[in-house]
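J.: no sequence on this one, just coordinates:
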Ligand code: HEM
């Protein structure tokens, strides 16, 4: 009897492993729930052996666990590498086909945009970068995936199922997402954007003062910190109104909001590659940053004053606090919190990253800075006056600097979407249903077929009429920095206004250059991106006040 129990365990566990694979192949199960079920089964094996009088019931249970897990893994790997896998004909590195943990590892390295670019150079247009993910380096695939009327849903990488409420960014199906997006969109109409302009003007003047205050005796300023703090203060005002209480430029960031936001983005991006693991690790400190951001958002929402009337809608929260035109319902507090978390992060980290990149390029290219200042001096001879947004929108060199910074300063890889169950034709190739697909943004932005010559260099002149000469190429539609379509950036116009005003105001107020010993090439080589850009160390600049 006892020896029968020992000999049947490997067979039972092996069979259970195969059955688990079959079940998981057809049915999604949350990682945390799967873990609880596995624990329950192991407990049952232990108890059954204990009740049967087995001398080592714990060993039996452990043996069951190991055999079950190994069988499940072996069948999974065999299937993923077999010719029966729907993505079998797409090339890619073996390890990427075997496990999505490799994709998570690549994300964590911060070099995903570069690695995917090199994979496309090696394998061609279609690369299987994870067991169920095909990266497609093709401009023709952008519209069907992201921006057409049948644009695809977001993949599971966006879903954090343990969050208490649905937030715009985390909603996968397009219809539900569309209802929520309609509410948000009211905060980005032309008239809403006009209301934000005085905020941008005032906060950017605060930034100038902040830089003057924080400069050391050699005139060196930690520009990264100043810009990060500026971006939080701006978003506090735009999302929650001026009583938001966020004053990082004045008070610093003792609660570590900037770091917390960055860590939350990193956790989201790495674990998004392995949603089942995210669901398990959610309970561990690794996702604590997401929960503390949740705390900040709910605190800011609670202290925000209620809307008195429809005319009182001057910030983004006021639109979210209203009734949805599509569903006729108010959002729950949890849903509002989720949206608020996202609003803070989406609007601050992104703009701050691009601005740091822009000033890195500016101080590394003094000739560009000189040309930029000449154009701005001519447009705004009185440096103290508010900067007219319409005038800035028409300054060719300022805009060339902004677009070139976006091209090189948004090193995103492909944003993952999921093909419909019937599959999809993408750039002449059939992609089976329920496959994760993406177009690698950075690869597109650095593709010689879109930008040529001097593709990898910062050359704003390529954006001016005539570009870089008769045969040169500048393809504005290949800039994927804001993505496109139903999930694309709602804050695009606001973001471009922010970039223009900060670049213009700081260039008018300061002569800037790199500190002694700064090695731009070396600094650039150490920049990483995990949905947020990680600079090797904060960007320091020598900023000397100009006479207005
Ligand atoms: C240079 C700055 C910015 C860049 C590069 C940027 C980029 C992006 C990208 C790539 C997405 C799509 C993300 C995805 O599908 O995974 C996105 C979404 C979004 N962004 Fe921005 N963004 C910037 C600034 C802003 C600002 C200032 C706001 C203002 C709050 C904002 C609000 C949003 C919103 C609400 C979405 C989600 C849209 C949706 O899911 O329907 N962004 N952004």
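T.: Okay, I see it. What you are looking at is a predicted structure, and each value in this text was computed from that prediction instead of being measured. Numbers count the residues shown, from 1 in each chain.

J.: what's the spacing between the residue in the stretch 151-300 of the chain that the ligand sits nearest to and residue 152?
T.: Proximity of the stretch 151-300 of the chain to the ligand (C-beta to the nearest ligand atom) peaks at residue 181, 4.5 Å away. Heads up, the C-betas are built off the backbone N, CA and C, glycines and all. According to C-beta to C-beta, to the nearest Å, residue 181 and residue 152 sit 16 Å apart.

J.: Those two: who's more crowded?
T.: Higher neighbour count among residue 181 and residue 152: residue 152, with 24 against 17, using other C-beta atoms under 10 Å.

J.: Now the more buried one: closest residue in space that isn't a chain neighbour?
T.: Excluding the flanking residues, the one nearest residue 152 by C-beta to C-beta, 6 or more residues apart in numbering is residue 417, at 3.9 Å.

J.: Surely that neighbour is in contact with residue 157?
T.: No. Contact criterion C-beta atoms under 8 Å: residue 417 and residue 157 do not qualify, at 9.6 Å.

J.: joint contacts of the two?
T.: Counting by C-beta atoms under 8 Å, 6 or more residues apart in numbering, the contacts common to residue 417 and residue 157 are residue 436.

J.: Provide a list of residues in contact with the residue of the stretch 151-300 of the chain closest to the ligand.
T.: With the criterion set at C-beta under 8 Å, 6+ apart, residue 181 makes contact with 168, 486, 490.

J.: Contacting the ligand as well, which ones from those residues?
T.: 168, 490 (C-beta under 6 Å from any ligand atom).

J.: Top of the contacts of residue 181 by number of neighbours, please.
T.: These, ranked by neighbours (other C-beta under 10 Å): first place residue 168, 21 neighbours.

J.: Pull the contacting residues for that one.
T.: Counting by C-beta under 8 Å, 6+ apart, residue 168 makes contact with 177, 180, 181, 184, 338, 339, 342.

J.: can you tell me which residues contact the closest residue to it other than its chain neighbours?
T.: Distance criterion C-beta to C-beta, 6+ apart; nearest residue to residue 168, sequence neighbours excluded, is residue 180 at 4.9 Å. By C-beta under 8 Å, 6+ apart, the contact list for residue 180 reads 166, 168, 171, 324, 331, 339.

J.: what's the lowest-pLDDT member of those residues?
T.: Within the contacts of residue 180, residue 324 has the lowest pLDDT, namely 63.

J.: Just the contacts of residue 181: which are in strands?
T.: If you go by DSSP state E, the contacts of residue 181 have nothing in strands.

J.: okay if I get the contacts of residue 181 as JSON lines plus distance to residue 284?
T.: Listed next are the contacts of residue 181 as JSON lines, based on distance: C-beta to C-beta, whole Å:
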{"residue": "168", "distance to residue 284": "26"}
{"residue": "486", "distance to residue 284": "34"}
{"residue": "490", "distance to residue 284": "32"}
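
J.: Contact residues of this structure facing the ligand?
T.: Selection of the chain residues close to the ligand by C-beta under 6 Å from any ligand atom yields 168-169, 181, 184, 343, 346-347, 350-351, 354, 410, 415, 481-483, 487-491, 494-495.
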